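turn this into a model:
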Amino acid sequence: MIFLTKLDGKEFLLNEQLIETVTETPDTVIVLSNGHSCIVRESMREIQTKILEYNRNQRRRVLRHRAAADDEPLT
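Below is the predicted model of the structure:
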């Protein structure tokens with residue numbers, strides 16, 4: 001999930017897997033796969049960066065977990 005900011009300044013978390021499209025008109029509008037949409041302060045590029053960083057962190061966690069599991073002695 002990524003943190004985003006509504007136009008009124010309130011932060012919220014959004015499940016990035018639900019994002020269908022992001023457009024700037026000039027406000028950034030996110031349309032979700034369920035048909036809902038939201039307008040946020042972040043630019044398309046900022047949203048892209050947040051999604052990429054979130055996915056990198058998720059992959060790192062999986063790799064760390066696998067490495068730790070490999071170090072556990074077999075019983």
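
give me the mean pLDDT for stretch 43-60.
Average pLDDT, stretch 43-60: 96.

other SSEs contacting whichever strand or helix holds residue 58?
Applying DSSP states H and E as the criterion places residue 58 in helix 44-71. When contacts are defined as 3 or more C-beta pairs under 8 Å, 6 or more residues apart in numbering; DSSP states H and E, helix 44-71 packs onto strand 2-5, strand 19-24, strand 28-32. (Each C-beta comes from the backbone N, C-alpha and C, glycine too.)

and the helix or strand following the first one, what's buried?
Helices and strands here follow DSSP H and E; after strand 2-5, the next one along the chain is strand 11-14. Within strand 11-14, the residues scored as buried using 16 or more other C-beta atoms under 10 Å are residue 14.

ok, and the closest non-adjacent residue to residue 19?
Among residues not flanking residue 19 along the chain, residue 30 sits closest, at 5.9 Å (C-beta to C-beta, 6 or more residues apart in numbering).

check contacts around the one you found.
Contacts of residue 30 were listed using C-beta atoms under 8 Å, 6 or more residues apart in numbering, and they are 4, 14, 19, 21-22, 37-40, 47.

do residue 62 as well
Neighbours of residue 62 in contact, by C-beta under 8 Å, 6+ apart: none.

count the neighbours of residue 40 for me.
Using other C-beta atoms under 10 Å, residue 40 is surrounded by 19 other residues.

shouldn't residue 6 be in contact with residue 28?
No. Counting by C-beta atoms under 8 Å, residue 6 does not reach residue 28; the two are 10.9 Å apart.

so for these two, which residue has more residues nearby?
Just comparing residue 6 and residue 28: by other C-beta under 10 Å the higher neighbour count belongs to residue 28, 20 against 12.

look up the closest residue to that one, ignoring the ones flanking it.
In space, and not counting its chain neighbours, residue 28 is closest to residue 40: 5.1 Å by C-beta to C-beta, 6+ apart.

right, I'll call it a day here.
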